[in-house]
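Undergrad: Provide a 3D model corresponding to the input given below.
(2 chains)
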Amino acid sequence: EPEVTQTPSHQVTQMGQEVILRCVPISNHLYFYWYRQILGQKVEFLVSFYNNEISEKSEIFDDQFSVERPDGSNFTLKIRSTKLEDSAMYFCASRVGYEQYFGPGTRLTVT
Amino acid sequence: TQLLEQSPQFLSIQEGENLTVYCNSSSVFSSLQWYRQEPGEGPVLLVTVVTGGEVKKLKRLTFQFGDARKDSSLHITAAQPGDTGLYLCAGENNAGNMLTFGGGTRLMVKP
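TA: Numbers count the residues shown, from 1 in each chain, chains lettered A, B, ... in the order given. This next block holds a predicted model:
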């Protein structure tokens, strides 16, 4: 069964460094998303992407964040200058019909 | 901003008991999705309900979408220890470009 995959599974970085989180959505899906979950808190929407452009973004998704679909399979989230409060699980999702399927997540730890 | 209130937050029951988890909002959603999440992993889609009043069954799990598409419930019949986990509801906005998650219900079923 097709799955959303994410790499790396765990990323440790120092405050102020740039990180790129990678996702491979399910191949026939057209809508892509990033969410994050701070430990013990709700899953929060960050951004959605459709037809090679951002469809919607939350207040969390400020100028430090960007997304890209560099080729036909990958979908990336870049954080330019990480902060301690960016430490969280980051989930990629892709959608077909009404259903969003989530990847296993990348645990980002900012020290 | 759409909000989803999920209750109860925690539920501890004996094997064989029935339970219901509720998801409520003042907002209308185009669809409502239920996920199960294991620690350190991504949410796994259980079901999507789309039509007001819709009822879907998945073995011992029954999902219902409110007539006004503002609320939903998950009912588990004869709970088993394997049902133990975190259950999340998530509502999709009308544009279909984001999910709003509830806070989750952590279920423990004791043998």
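
Undergrad: Please count neighbours and contacts with C-alpha atoms only from this point.
TA: Fine.

Undergrad: quick one: B:K57 and chain A, what's the gap?
TA: 17 Å (CA to the nearest CA, to the nearest Å).

Undergrad: right, I mislabeled it, should have said B:K56
TA: 15 Å.

Undergrad: now do B:T84
TA: B:T84 is 17 Å from chain A, by CA to the nearest CA.

Undergrad: count of residues packed around that residue?
TA: 18 (other CA atoms under 10 Å in any protein chain shown).

Undergrad: surely it meets B:L107?
TA: Yes. The criterion here is CA atoms under 8 Å, and B:T84 meets it with B:L107 at 5.2 Å.

Undergrad: how about the residues of chain B that lie near chain A?
TA: B:31, B:33, B:41-45, B:48, B:50, B:96-104 (CA under 8 Å from any CA of the partner chain).

Undergrad: again, only this time at 6 Å
TA: Contact residues, chain B versus chain A (CA under 6 Å from any CA of the partner chain): B:E41, B:G42, B:N97, B:G103.

Undergrad: Near chain B, which residues of chain A are found?
TA: With CA under 6 Å from any CA as the criterion, chain A comes near chain B at residues A:K42, A:S48, A:F102, A:G103, A:P104, A:G105.

Undergrad: export those to JSON lines and tack on pLDDT?
TA: Listed next are the residues of chain A next to chain B as JSON lines, based on pLDDT from 0 to 100:
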{"residue": "A:K42", "pLDDT": "95"}
{"residue": "A:S48", "pLDDT": "97"}
{"residue": "A:F102", "pLDDT": "98"}
{"residue": "A:G103", "pLDDT": "98"}
{"residue": "A:P104", "pLDDT": "98"}
{"residue": "A:G105", "pLDDT": "98"}
